[in-house]
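Engineer: Next one to model:
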Amino acid sequence: MKIIALFFTGLFLISCGSDDASTSPIPEETMYFPDNGTSVWESKSITSLGWNQAAVQPLLDYLELKNTKSFIVLHNGRIVMENYFNGHTANESWYWASAGKTLTATVTGIAAQEGFLSINNKVSDYLGTGWTSAPIAKENLITNKHLLTMTSGLNDALGDDVSPANLQYVADAGTRWAYHNVYVKLQDVVAASTGQTWDTYFNTKLKNPIGMNGMWIQNQGLSVYWSNSRSMARFGLLALNNGKWKDTQLVNSNFMQQATTTSQNINLAYGYLWWLNGKTSFKLPQTQFQFNGELIPTAPNDLYCALGKNDQKIYIVPSRKLVIIRMGNAADNENMALSDFDEILWEKISAVIN
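Structural biologist: Numbering: from 1, shown residues only. Reported below is the predicted structural model:
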C-alpha cells in the first residue's frame, strides 16, 4: 500500500510540475544592441508586432512630402522601419542641430560621474570669471545645472554668438527659462575639467563605446554634430536603456532619469536639454509665453525627445520601447525645435503602432 501511495504521489507531483511549466509566462524579449563597426542590425516586422500595415504607406508618403531625408523606428533596439527619401542614403551624414544638445547633456553627466565636475558648481569655477558680460555677482549665480536647464538668466534675443559680449544679464539664474545657445559652454566646462579637448572626451566616452560615426563641425562659433541616421538611432537606444549600452553603464541611470524629467518649475516640459511630453504646460524658444497642455498631444504621455532646428527629431517612448528618429529639411517653415509637424507626424505614427 505504501508503494502504491508513493507511486500516485509521484504522478501528482509530475502532473503539477507539468501544469506549472505550461502556464509559465513567455520570457520577455531582451533589448538588442547592434555591434560596433558592422552594418548588421537585427530587425523585426510590422506584422510581428501586431501593428497596422495599412497605415505604413500613408506615413511614408507624408514623410516624403515633408522634406524628410531619413526615418527609423526601433522597437526594443531592433529595426522595424528604416526609410530614406529625397535622394538621401544610409551612409550620408546630416546635421543634428539642437537635437545634439542631448549629446552635450549626456557627456556632461559622464564627466560628473567621473568626478571631473559637479553640475551644481558655478560655471566660473571652470571657465574663470568674465565668460559673460554680466556683473560678476550675477555671473557667479550661473551653475552648470542652469546651462542644462536653460535657466541661465542671460539674454536669449542676441543671436547665436556666445562670446562674452553677447552673453548679457537679463535675470538672476534660475528665475527665467529661455532657449539659449549658451548651453554650449558646457562643452568648455567638460574640456577644462577633464584636461582634454571636447572632441577627444566625447569620442572616448560616448561616440566610440556605442559605435556612432560623425563629427562636431564648427558653425558660427557653435559645435554642431553631423552623423548618419543609424548613429542618431544608436544614441536614442542608449537613452531608452537609461544610459546603459549592452552591459556597460556609460552614464549614471540617476542622471538620465533627472535629465528626462522636469528639471525646474518654469518650463515643465524641459529636462536637461531634453523636451518632455505629458506635462500640463510648456514654453517654446524665442518667447516667454506659457502654453497650456501637452507638448505633443498626439504622442504618448511618457515620450521625451531631442528636437533640433528644421525638424531633426529623436523620440523616445519607454512604455512602448520605441526609438524614432527623423532627419531632413524643415517640414514646412524654418523652426527652432518643435513645430506643427510633430503633432501631425504622431497622428500618422500612432495609426501604425496602435
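
Engineer: dump the residue contacts of residue 160.
Structural biologist: 181, 220-222 (Cβ atoms under 8 Å, 6 or more residues apart in numbering). For the C-beta atoms, the positions are set from N, CA and C on the backbone; glycine is no exception.

Engineer: Using TSV, lay out the residues you listed together with distance to residue 315.
Structural biologist: Shown next, in TSV, are those (distance: Cβ to Cβ, whole Å):
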residue	distance to residue 315
181	23
220	28
221	29
222	24
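
Engineer: Which of these ranks first by neighbour count?
Structural biologist: Compared across these, residue 181 has the highest neighbour count, 20 neighbours, by other Cβ atoms under 10 Å.

Engineer: any weak-confidence spans in this protein?
Structural biologist: Along the chain, segments meeting pLDDT under 70 span 1-27.

Engineer: Could you rerun that using 50?
Structural biologist: Counting by pLDDT under 50, the chain has low-confidence residues at 1-23.

Engineer: got the residue ranges for the helices in it?
Structural biologist: With helices called from DSSP state H, the chain shows them at 2-23, 56-65, 101-113, 124-127, 136-139, 144-149, 185-194, 198-202, 208-210, 229-240, 253-259, 340-353.

Engineer: What is the last one packed up against?
Structural biologist: Using 3 or more Cβ pairs under 8 Å, 6 or more residues apart in numbering; DSSP states H and E, the elements in contact with helix 340-353 are helix 56-65, strand 322-328.

Engineer: got the contact list for the longest one?
Structural biologist: Put plainly, it is helix 56-65. Outside helix 56-65, the residues touching it (Cβ under 8 Å, 6+ apart) are 46, 71, 81, 83, 85-86, 326, 344-345, 348-349, 351-352.

Engineer: Need these in CSV (columns: neighbour count and distance to residue 261).
Structural biologist: As requested, these are exported to CSV (neighbours: other Cβ atoms under 10 Å; distance: Cβ to Cβ, whole Å):
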residue, neighbour count, distance to residue 261
46, 18, 31
71, 23, 27
81, 19, 28
83, 17, 32
85, 17, 34
86, 13, 36
326, 26, 24
344, 15, 27
345, 26, 24
348, 17, 27
349, 25, 23
351, 15, 29
352, 21, 28
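
Engineer: Which one of those is nearest to residue 94?
Structural biologist: Lowest distance from residue 94 to those (Cβ to Cβ) belongs to residue 326, with 10.4 Å.
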